[in-house]
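**Q** Sequence first, then the predicted structure:
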Amino acid sequence: MNDFLNDADSPLTDEQKSRLSETLNLLDTKQLHWLGAKLAAPQEAVPASTGGKKLTILYGSQTGNAEGLAEATAESARGKGFEATAVCMSDYNVSKLKKEQNVFVVCSTHGEGEPPDTAIEFHEFVHGKRAPKMAGINFSVLALGDTSYEFYCKTGADFDEQFEKLGGTRVAERVDCDLDYDDPAAAWIEDALKKLETAVGGSGGTAVVTTPAAASTSQYNKKNPFPAEVLESILLNGRGSDKETLHIEISLEDSGLVYEPGDAIGVYPTNAPHIVNETIELLSLAPDSQVQIGDDSASLLEALSHRLEITILTKPLIAKYAQASGATVDLLSDDKKELLKEYIEGRDIRDLIKDYPPKELSAQALADCLRKLPARLYSIASSLEAHPDEVHLTVGVVRYQLEDGEERGGLCSTYLSDRLDEDAKVPVYVDKNKNFKLPGDGDTPMIMIGPGTGIAPFRAFIEEREAAGSQGANWLLFGDQHFDTDFLYQAEWLKYHKNGLLDQIDVAFSRDQDEKIYVQHRMLEKSQTFYKWLEEGAYVYVCGDESRMAHDVHTALIEIVQKEGGKSEDEAAAYVKQLQKDKRYQRDVY
């Protein structure tokens with residue numbers, strides 16, 4: 001078997017041939033096959049030395065947007081001659097930070113100003129006593145957020161300020177991006193790399209800045225959504241329920257769009273005609289007035305119907321409106337934060353115009369106050385393996401009343417439930433989420449915790465495991481208001497339980513008894529079993545409301561580990577943190 005060592009073209013020395021022959025003679029057939037496969041596998045190229053042009057892009061991402069932008073930044077940087085690497089903050093060895101030359105940060109803000117799960121540990125590190133001095137290290141930050149939240153882009157701002165405090169050199173100003181982040185992110189990539197190149201010296205030419213969507217195999221993406229047909233819409237709640245939850249099936253035929261369980265579908269809604277018309281009438285504007293939106297122009301009617309956000313008030317919008325209209329708006333001072341928060345809840349642009357009438361406001365000035373209409377994301381509730389050319393959504397329809405009794409509703413949920421004509425096409429795209437994925441090994445057990453519409457991705461998970469013939473144990477914890485009317489997909493879950501695919505199911509219906517019971521209570525009741533599953537390698541998934549449910553589930557998880565593992569509170573918290581780092585504890589919360 002060692003005849004090849006005597007090949008006349010062998011570049012090996014006699015000593016090397018002898019040692020290799022001795023080693024090969026010690027290996028059995030299985031070991032030789034393994035070694036051969038490893039040697040035959042493509043080897044990662046060793047990057048050429050680039051002197052001082054090494055760049056590390058650290059990203060913190062909840063749904064994958066920041067990750068995609070970090071990878072796009074790395075690709076553009078390589079085009080300029082940088083040795084660039086994009087690294088998730090949860091995978092980054094923090095001891096390397098003080099040795100870095102150039103660091104870019106791309107990070108989203110989660111919930112009310114919190115770091116995304118993948119950034120928590122690194123955020124704590126750079127703000128802690130062990131944070132290194134960063135003198136001589138160049139940095140820049142791209143922050144992602146949503147202006148409808150009070151602490152817009154706070155995590156990115158935290159990193160930006162702290163890196164400066166640690167002595168780092170800011171080579172390009174931080175850019176804060178709203179939901180429509182593509183253009184400002186591309187501008188930041190180009191500007192930050194250009195300034196970094198100047199700072200380190202040398203020129204590698206002009207790199208093409210691409211957004212993550214450009215890598216899609218389909219022609220349809222966030223900027224070019226697919227006009228999809230709605231195949232079916234089914235009310236999931238029983239008669240008498242206080243909720244309205246729809247199961248919506250959408251055709252992806254001929255789109256080329258593909259998805260995995262854990263991904264989301266972005267839906268571009270249309271603003272309700274009565275809101276659009278009333279807004280135009282309140283300002284006495286002409287519906288056919290032409291307005292400029294970026295590089296495009298459209299009539300005011302078209303812009304307010306399909307292009308601009310008019311149903312959500314934010315502090316930046318109100319500030320722009322006050323300046324453009326000359327209206328006296330007494331909500332923007334620092335001492336009015338709570339009043340502002342209370343005012344914007346449930347109100348839209350019509351309320352702002354009525355409550356704070358403008359002295360003047362042209363069609364273009366109105367358009368300039370408003371942000372582009374962002375897509376609404378829904379967790380996918382189906383497996384492509386089980387439903388080829390289709391995607392299923394679980395949509396909770398939002399309806400509410402103002403103090404005067406006026407009926408209002410959520411923009412996208414009422415668009416899907418009330419305003420779709422029979423032949424209407426819904427603009428959609430796939431939003432990848434690399435941080436909420438099934439275990440790579442189908443034999444791995446998993447625990448799924450999803451109250452209300454948080455059940456959606458777990459329907460996809462279980463369908464995928466059934467289609468793949470996976471043998472891993474599955475446990476579902478589901479909660480809602482009433483068993484009789486709100487047990488979403490009840491027949492399917494009971495079928496899976498009966499055929500053995502779903503090993504365990506625990507439900508919590510909060511209003512079926514005097515004392516409210518939620519999923520975290522079921523976790524604590526089964527704490528011994530829960531911990532046993534963890535010790536056996538189970539993955540834990542949580543989907544649903546971030547502000548209360550996800551926080552309470554997280555607290556319960558630590559309590560279970562502390563109690564059943566015989567650990568201190570700090571040890572239990574560290575255990576859970578390690579689960580997150582190992583991607584065995586994943587959350588899709590909103």
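**A** Alright, I've got the coordinates.

**Q** Kindly list the longest helix within the protein.
**A** For the chain, the helix with the greatest residue count under DSSP state H is helix 182-200.

**Q** what's next to the very next helix or strand once past that one, contact-wise?
**A** Following helix 182-200 in sequence order, the next helix or strand is strand 226-235 (DSSP states H and E). The contact list for strand 226-235, computed with Cβ atoms under 8 Å, 6 or more residues apart in numbering, reads 218, 220, 244-252, 255, 257, 390, 416-417, 420, 424-429. Bear in mind the C-beta positions are built from the backbone N, C-alpha and C, glycine included.

**Q** which helices and strands sit right next to the helix or strand that strand 226-235 is followed by?
**A** Of the helices and strands lying after strand 226-235 in sequence (DSSP H and E), the nearest is strand 245-251. Applying 3 or more Cβ pairs under 8 Å, 6 or more residues apart in numbering; DSSP states H and E, we find strand 245-251 packed against strand 226-235, strand 390-396, helix 411-418.

**Q** What strands flank the following helix or strand past strand 245-251, and is each parallel or antiparallel?
**A** Toward the C-terminal end, the helix or strand that comes next after strand 245-251 (DSSP H and E) is strand 264-267. Here strand 264-267 is paired, per DSSP bridges, with strand 376-379 (antiparallel), strand 425-431 (antiparallel).

**Q** Now find how far off-centre the longest one is within its chain.
**A** The gap between the average C-alpha position of strand 425-431 and the chain average comes to 16 Å, counting by Cα atoms, centre = their mean, to the nearest Å.

**Q** ok, the residue most central in space within the chain to residue 529 distance?
**A** In the chain, the residue lying closest to the centroid (Cα atoms, centre = their mean) is residue 63, at 1.6 Å. Here the distance between residue 63 and residue 529 works out to 31 Å (Cβ to Cβ, to the nearest Å).

**Q** Repeat that for residue 509.
**A** Going from residue 509 to residue 529 by Cβ to Cβ gives 21 Å.

**Q** The two: which is more packed in?
**A** A direct count of neighbours by other Cβ atoms under 10 Å for residue 509 and residue 529 places residue 509 higher, at 19 against 16.

**Q** Read off the pLDDT value for the closest residue to that one other than its chain neighbours.
**A** Leaving out its chain neighbours, the residue that sits closest to residue 509 by Cβ to Cβ, 6 or more residues apart in numbering is residue 483, at 4.6 Å. For residue 483, the pLDDT comes out at 97.

**Q** do residue 49 as well
**A** Value for residue 49, per-residue pLDDT: 42.

**Q** all strands of the stretch 451-590 of the chain, in order?
**A** For the stretch 451-590 of the chain, the strands defined by DSSP state E, counting those that start in this stretch occupy 474-480, 504-509, 539-544, 585-589.

**Q** Please tabulate those strands in JSON lines and include distance to residue 327 and mean pLDDT as additional columns.
**A** Output for the strands of the stretch 451-590 of the chain, formatted as JSON lines (distance: least, Cβ to Cβ, whole Å; pLDDT from 0 to 100):
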{"stretch": "strand 474-480", "distance to residue 327": "43", "mean pLDDT": "98"}
{"stretch": "strand 504-509", "distance to residue 327": "47", "mean pLDDT": "98"}
{"stretch": "strand 539-544", "distance to residue 327": "39", "mean pLDDT": "97"}
{"stretch": "strand 585-589", "distance to residue 327": "37", "mean pLDDT": "95"}
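
**Q** For the residue nearest to the centre of the chain, which non-adjacent residue is closest in space?
**A** The nearest residue in space to residue 63 (Cβ to Cβ, 6+ apart) is residue 433, at 4.8 Å.

**Q** Mind telling me what element the one you found is part of?
**A** Secondary structure (DSSP H and E) places residue 433 outside all helices and strands.

**Q** residues near it, how many?
**A** 25.

**Q** shouldn't it be in contact with residue 263?
**A** Yes. Using Cβ atoms under 8 Å, residue 433 is in contact with residue 263, at 5.3 Å.

**Q** Got phi/psi on the residue lying closest to residue 147 once chain neighbours are set aside?
**A** Nearest non-adjacent residue to residue 147, counting by Cβ to Cβ, 6+ apart: residue 314, 4.3 Å away. Dihedral angles of residue 314 (phi, psi; degrees, to the nearest 10) stand at phi -130, psi 160.

**Q** check contacts around residue 314.
**A** Listed by Cβ under 8 Å, 6+ apart, the contact partners of residue 314 are 147-148, 344, 371.

**Q** still on that earlier bit, are any of the contacts of strand 226-235 buried, and if so which?
**A** Buried by 16 or more other Cβ atoms under 10 Å: 220, 244-252, 255, 257, 390, 416-417, 420, 426-429, out of the contacts of strand 226-235.

**Q** ok now do residue 54, which residues does it touch?
**A** By Cβ under 8 Å, 6+ apart, the contact list for residue 54 reads 82-84, 100-102.

**Q** Who does it form a beta bridge with?
**A** Counting by DSSP bridges, residue 54 forms beta bridges with residue 83.

**Q** Repeat that for residue 408.
**A** Using DSSP bridges, the bridge partners assigned to residue 408 are residue 400.

**Q** shouldn't it be in contact with residue 414?
**A** No. Assessed by Cβ under 8 Å, residue 408 is found out of contact with residue 414, at 9.0 Å.

**Q** list residues touching both of these two?
**A** Residues within reach of residue 408 and of residue 414 at once, by Cβ under 8 Å, 6+ apart, are residue 399.

**Q** Spatially, which residue comes closest to residue 321, not counting chain neighbours?
**A** Closest to residue 321 by Cβ to Cβ, 6+ apart is residue 369, at 4.9 Å.

**Q** Quick one: neighbours of the one you found, just the number.
**A** Look at residue 369: counted by other Cβ under 10 Å, it has 22 neighbours.
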